[in-house]
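Colleague: coords below, sequence missing:
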């Protein structure tokens, strides 16, 4: 089967495969690093050992996920030279420095303080250790900023000129290159998605342990914190997504029309197509189920606002609508499911049943991986919707690949599949094993930190005060 595909398709499949593996780890590590920062801050402020226990619990998980993210990212970056050398040659003068800045700022910051964060609690003191945790969390956010800047430039290129060799080069200041029209929307949307992904992992783990032991203080605390995050941040993400969609409609209209399945122009207001089978060949959505005028209401905030259709654009510039149509619906559907869990938890909290409603806990366990699926669906929508371009409107994907034969790319793709599923499968299994262990019940301080005389009984390491109930 691989031998029947051309080199471009195989190179795209290889990059999609490696990015998909890589993306889930930063999406988790960005959120978990900030969560660790919050846990340590609460421990320093309140002195409650339950926060120290949870910090230690999630620190091990963060370390493994962070390492897997670094390794997968390094492998992915090499493909710019092996499979996409023409793209690297033409766009390298712009995106190369941005990726170098990511290494010089974010990666060095994370690497410099990660050791202190993992092993320095008993050596540097609480305050300096907390500073290290903050720096690692900041580093993950800076890393996301630079990578989103690179991707946003590819989506909405600005601030460049073409030299005699046909390369994209800065046209003066770097500010228009970094802060493109889509950059702030993409950055906020991505970071919030990372926080929601982490919240549902934490909530799912907490719910799993609550189903086994409702009195476990660590499980109660992590579930409570995760549900607050879901209830507060999920509605914000919906509004941010709406703003991002309006920005995309302005700068990449064909992508949004493919997402919506709007092949034909709608001069009197576009419907919202809920379901159907988009067909670029027939330029229509077969078996569509739609609501009149709701599409224009969402995209233009006016039910009768006219909208163009994909037929208003050259056919060779259409994205594969059948992919982005469904990936977008997966992302949006999971977003509203997250909102539903958050609202459900508010009701349970209001009735004093947050730790008693087992069906809420079961639903939270089932929703644990939802964030990963949602961010991958969003990535597919963003990147496939940009097709057939690598640099939107300027450089086609078919013109960006290396002069490689299809069998060579197929062999490397097969090797990646085998190595990734074995190595990262083992890593994921280890992460699940760590998550399956319940948090410690006693409010003990981290090893090497002097125990507080008021809150800890030295003989047992168990808090003298009642267990925190969230």
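Modeller: Everything's here; your move. Because the structure is predicted, anything quoted here is derived from the model rather than measured.
Colleague: ok, and what's touching stretch 130-142?
Modeller: The contact list for stretch 130-142, computed with C-beta atoms under 8 Å, 6 or more residues apart in numbering, reads 26, 29-30, 33-34, 36-37, 40-41, 44, 102, 105-107, 109-110, 112-114, 116-117, 120, 124, 191. Every C-beta, even on glycine, is put in place using the N, C-alpha and C of the backbone.
Colleague: again, only this time at 7 Å
Modeller: 29-30, 33-34, 36-37, 40-41, 44, 105-106, 109-110, 113-114, 116-117, 120, 191 (C-beta atoms under 7 Å, 6 or more residues apart in numbering).
Colleague: in that stretch, what counts as buried?
Modeller: Neighbour counts over stretch 130-142 (16 or more other C-beta atoms under 10 Å) mark 130, 132-140, 142 as buried.
Colleague: any idea of the mean pLDDT in that stretch?
Modeller: Mean per-residue pLDDT for stretch 130-142: 93.
Colleague: any chance you could map the helices in the stretch 251-400 of the chain?
Modeller: 253-260, 294-300, 321-350, 358-366, 370-385 (DSSP state H, counting those that start in this stretch).
Colleague: out of everything not next to it in sequence, what's closest to residue 439?
Modeller: Among residues not flanking residue 439 along the chain, residue 218 sits closest, at 2.7 Å (C-beta to C-beta, 6 or more residues apart in numbering).
Colleague: hmm, back to that, of the helices of the stretch 251-400 of the chain, which is nearest residue 227?
Modeller: Proximity to residue 227 (C-beta to C-beta) singles out helix 321-350 among these, at 3.6 Å.
Colleague: which helices and strands sit right next to that closest one?
Modeller: Judged by 3 or more C-beta pairs under 7 Å, 6 or more residues apart in numbering; DSSP states H and E, the packing partners of helix 321-350 are helix 217-251, helix 253-260, strand 272-279, helix 358-366, helix 370-385.
Colleague: could you say which of the ones you listed is packed most deeply?
Modeller: Stretch with highest mean neighbour count among the helices and strands packed on helix 321-350: helix 253-260 (a mean of 25; mean count of other C-beta atoms under 10 Å).
Colleague: what is the mean pLDDT for that one?
Modeller: On average, helix 253-260 scores 94.
Colleague: try stretch 187-207
Modeller: Averaging pLDDT along stretch 187-207 yields 95.
Colleague: same thing with stretch 165-177?
Modeller: 91.
Colleague: in that stretch, what counts as buried?
Modeller: So for stretch 165-177, counting by 16+ other C-beta under 10 Å, buried means 168, 176-177.
Colleague: which one of those sits closest to residue 303?
Modeller: Comparing the buried residues of stretch 165-177 against residue 303 with C-beta to C-beta picks out residue 176 as the nearest, at 35.7 Å.
Colleague: ok, so what distance separates that closest one from residue 168?
Modeller: To residue 168, residue 176 is 13 Å away according to C-beta to C-beta, to the nearest Å.
Colleague: try residue 265
Modeller: 33 Å.
Colleague: and if you look at residue 175?
Modeller: 16 Å.
Colleague: swap in residue 395?
Modeller: With distances taken as C-beta to C-beta, residue 395 is found 8 Å from residue 168.
Colleague: equivalent analysis for residue 208, please.
Modeller: Applying C-beta to C-beta, the value for residue 208 to residue 168 is 49 Å.
Colleague: for residue 83, same thing?
Modeller: In terms of C-beta to C-beta, residue 83 sits 19 Å off from residue 168.
Colleague: again, but for residue 102
Modeller: In terms of C-beta to C-beta, residue 102 sits 18 Å off from residue 168.
Colleague: now swap in residue 333 and tell me
Modeller: Note on residue 333: its distance to residue 168, by C-beta to C-beta, is 37 Å.
Colleague: so what's the nearest residue to residue 22 once chain neighbours are set aside up against?
Modeller: Leaving aside its chain neighbours, residue 22 sits nearest to residue 72 (3.9 Å; criterion: C-beta to C-beta, 6+ apart). Shown in contact with residue 72 (C-beta under 7 Å, 6+ apart): 18, 21-22, 25.
Colleague: where does the protein dip in pLDDT?
Modeller: Scanning the chain for pLDDT under 70 picks out 1-4, 442-470.
Colleague: so what sits against both of residue 395 and residue 168?
Modeller: Between them, residue 395 and residue 168 share the contacting residues residue 90, judged by C-beta under 7 Å, 6+ apart.
Colleague: returning to that earlier point: so for residue 185, which of the helices of the stretch 251-400 of the chain sits nearest?
Modeller: helix 370-385 (11.2 Å).
Colleague: in terms of helices and strands, where is residue 108?
Modeller: Using DSSP states H and E, residue 108 sits in helix 108-119.
Colleague: list the contacts of the closest residue to residue 230 other than its chain neighbours.
Modeller: Counting by C-beta to C-beta, 6+ apart, residue 342 is the residue found nearest to residue 230 once chain neighbours are left out, at 3.6 Å. Residues counted as contacts of residue 342 (C-beta under 7 Å, 6+ apart) are 227, 230-231, 234.
Colleague: let's have these in TSV, adding distance to residue 93.
Modeller: Output for the contacts of residue 342, formatted as TSV (distance: C-beta to C-beta, whole Å):
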residue	distance to residue 93
227	47
230	43
231	46
234	40
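Colleague: closest to residue 213 out of these?
Modeller: So of the contacts of residue 342, ranked by how close each gets to residue 213 (C-beta to C-beta), first place is residue 227, at 17.9 Å.
Colleague: pretty sure the closest one contacts residue 343?
Modeller: No. Using C-beta atoms under 7 Å, residue 227 makes no contact with residue 343, being 10.1 Å away.
Colleague: which strands and helices sit next to the host helix or strand of residue 18?
Modeller: If you go by DSSP H and E, residue 18 is part of helix 7-46. Other elements packing on helix 7-46 under the criterion 3+ C-beta pairs under 7 Å, 6+ apart are helix 49-82, helix 126-155, helix 183-212, helix 370-385, helix 406-436.
Colleague: compute the inter-axis angle for it and helix 49-82.
Modeller: 160 degrees (axes from the mean of the first three to the mean of the last three C-alpha atoms, to 10 degrees).
Colleague: chain center to helix 7-46: distance?
Modeller: The chain centre lies 6 Å from the centre of helix 7-46; the measure is C-alpha atoms, centre = their mean, to the nearest Å.
Colleague: could you do stretch 117-134 as well?
Modeller: On C-alpha atoms, centre = their mean, the centre of stretch 117-134 falls 27 Å from the chain's centre.
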